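Visitor: got a sequence here, can you model it:
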Amino acid sequence: MLTHDPLEGHRLSLKHILDASHTVDPVFLNTPQYRAEALERELGFELVVKVETLNPIRSFKGRGADYLVASLEPGTQIVCASAGNWGQAMAYACRKRGLELICYAANGANTLKLERIRALGAEVRLYGEDFDAAKLEAKRYAQESVARMVEDGLDPLISEGAGTLGLELCSYPEPLDAVLIPLGNGAMLNGTARAIKSLSPKTQVIAVCAQGATSMLESWKANRVIEHERIHTIADGIGVRIPILEAVEDMQGLVDDGLTVSDTQMVEAMRKALETLGVLLEPSGAAGLAAAFQYRSRFAGKRVATILCGGNVTAEQFRAWFS
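Guide: The predicted structure is shown next:
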C-alpha cells in the first residue's frame, strides 16, 4: 500500500485516479494485459500488451469521459471536439446520464467514428480541415451558447479517469522496465504516467508520437507550447498540431523520453497485431507497438508494456492498409 505519494501536489491527483477505478463504468476497466509471446522472438524482449479495444467504443477514452461526465450536473449542455474516439466516449457517457452532447469534428474525420457518435445520440457538426480547427469552432460555439466545453487533455478528471490504466499496469505480476504510450493531447499519457510514477517510479514512461505530428513532443522538450500549421499522418487519434499548455506542463516530471514512428511503421504494427494477436488496431492504437519494433535494440532483454488503445477502422481503410 502506498503510504507516501512522491508526486503529491501535481495537477493530476492519485487520489482521484484511485476514485476513478471505482467510479468509471466497469465495461471500460480491467482490460486484458498479457505477454505477447508471439512477437517476442522478433523483438528480443518481453512485451506486455494492454488491449483497450474490447469495449463498446473500441478505445480507452471511455475511462476519462465517464469519470468526467459523472461529475456534471443534470441538464448540463455539453460541447466537445473529437477526431472520433473521444466523441464516441462522450456520447456513450452522456447517453448513460441523459445529457445532450454536440460534437465537432473535421470535415475529413473517420466516417465510422462519426456514425457511431450519432448512433449514441449525439449531434455531430463538421468544421475545418483538421481536429484542431474543429476544436476552435467548438470553443467558439460553447462560449457563444454558454455551454460546457469539455476539452480532452485539459480537464484533470479526464486524465485521471485514463489514469486507471496506470493502476492496472502496475498490478502486473512482474515489474515493468518501460511503458510505451501513444501521445496525442496527453490525457492517456499523463494519467497513466501519474499512476505509474507514484506506484512504480523506476518504470520508464516513454511517449510515442507520429512523425508527422510532433507538436506535443516538441512542446514537452521545450516546456512551452509549440504549434504546427499542419500535420501529416494517418494517425488521426494522435494528430495534434495545437498542444494544450496544461497537458504539456503535466508531462514534466512524468515522462522520461519521447519517440516517433512513421505511418508505414504504424501500419506494419497493425498488421502484426492482427496476424499474431488477433487484435484490429487503428494507426494511433498501434503507435506504441510500432515503437517497440522500431526501437527494439534499445529494449533488449527488458520487460516492456504498451497500450493498444484504439481499433476503429473503416472498411475502406482496412482494404487499403491490409491488402
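
Visitor: ok, the residue nearest the centre of the chain - contacts?
Guide: Relative to the mean C-alpha position of the chain, the nearest C-alpha, by CA atoms, centre = their mean, is the one of residue 188, at 4.3 Å. Going by CB atoms under 8 Å, 6 or more residues apart in numbering, residue 188 touches 60-61, 64, 159, 162, 165, 181-182, 307, 309. All C-beta atoms are positioned from the backbone trio N, CA, C, and that covers glycine.

Visitor: mind doing that once more with 6 Å?
Guide: Residues counted as contacts of residue 188 (CB atoms under 6 Å, 6 or more residues apart in numbering) are 60, 162.

Visitor: same thing with residue 70?
Guide: By CB under 6 Å, 6+ apart, the contact list for residue 70 reads residue 23.

Visitor: look up how far residue 183 lies from it.
Guide: 26 Å (CB to CB, to the nearest Å).

Visitor: over to residue 320?
Guide: From residue 320 over to residue 183 the distance is 25 Å, taken as CB to CB.

Visitor: which of the two has more residues huddled nearby?
Guide: Applying other CB atoms under 10 Å to residue 320 and residue 183 shows that residue 183 carries more neighbours, namely 30 against 12.

Visitor: need the three-state assignment for the residue nearest to the more buried one when sequence neighbours are not counted.
Guide: Nearest residue to residue 183 in three dimensions, chain neighbours excluded: residue 207, at 4.0 Å (CB to CB, 6 or more residues apart in numbering). Secondary structure state of residue 207, per DSSP: H, G, I helix; E, B strand; the rest coil, is strand.

Visitor: thinking again about what came up before, got a pLDDT number for the residue nearest to the centre of the chain?
Guide: With respect to pLDDT, residue 188 scores 98.

Visitor: and what of residue 113?
Guide: Per-residue pLDDT puts residue 113 at 94.

Visitor: please look at it and residue 84 and confirm they touch.
Guide: Yes - here residue 113 reaches residue 84: they are 2.7 Å apart, a contact under CB atoms under 6 Å.

Visitor: quick one: the helices in this structure?
Guide: Ranges of helices within the chain are 14-23, 37-43, 62-69, 85-97, 111-119, 131-145, 156-162, 164-170, 187-199, 215-222, 245-251, 263-272, 287-294, 315-322, based on DSSP state H.

Visitor: dump stretch 81-91 to PDB, keeping only the CA atoms.
Guide: Extracted C-alpha coordinates of stretch 81-91, given in PDB (Å, rounded to 0.1, in the frame of the first residue of the first chain):
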ATOM      1  CA  ALA A  81     -14.400  18.300 -30.300                       C
ATOM      2  CA  SER A  82     -13.100  14.900 -31.500                       C
ATOM      3  CA  ALA A  83     -11.200  13.100 -34.200                       C
ATOM      4  CA  GLY A  84     -13.700  10.300 -33.400                       C
ATOM      5  CA  ASN A  85     -12.900   8.200 -30.400                       C
ATOM      6  CA  TRP A  86     -13.300  11.000 -27.800                       C
ATOM      7  CA  GLY A  87     -16.700  11.900 -29.300                       C
ATOM      8  CA  GLN A  88     -17.800   8.300 -29.000                       C
ATOM      9  CA  ALA A  89     -16.700   8.100 -25.400                       C
ATOM     10  CA  MET A  90     -18.500  11.400 -24.600                       C
ATOM     11  CA  ALA A  91     -21.600  10.300 -26.400                       C
END
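
Visitor: list of residues touching that stretch?
Guide: By CB under 6 Å, 6+ apart, stretch 81-91 touches 57, 59, 61-62, 65, 80, 101, 103-105, 109-110, 113, 116-117, 120, 122, 131, 134-135, 138, 152, 236-237, 310.

Visitor: related to what we said a few turns ago, just put the helices of the chain in CSV and tack on distance to residue 7.
Guide: Shown next, in CSV, are those (distance: least, CB to CB, whole Å):
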stretch, distance to residue 7
helix 14-23, 7
helix 37-43, 31
helix 62-69, 19
helix 85-97, 25
helix 111-119, 34
helix 131-145, 29
helix 156-162, 13
helix 164-170, 12
helix 187-199, 5
helix 215-222, 17
helix 245-251, 11
helix 263-272, 31
helix 287-294, 23
helix 315-322, 39
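
Visitor: having no further points to raise, I will conclude here.
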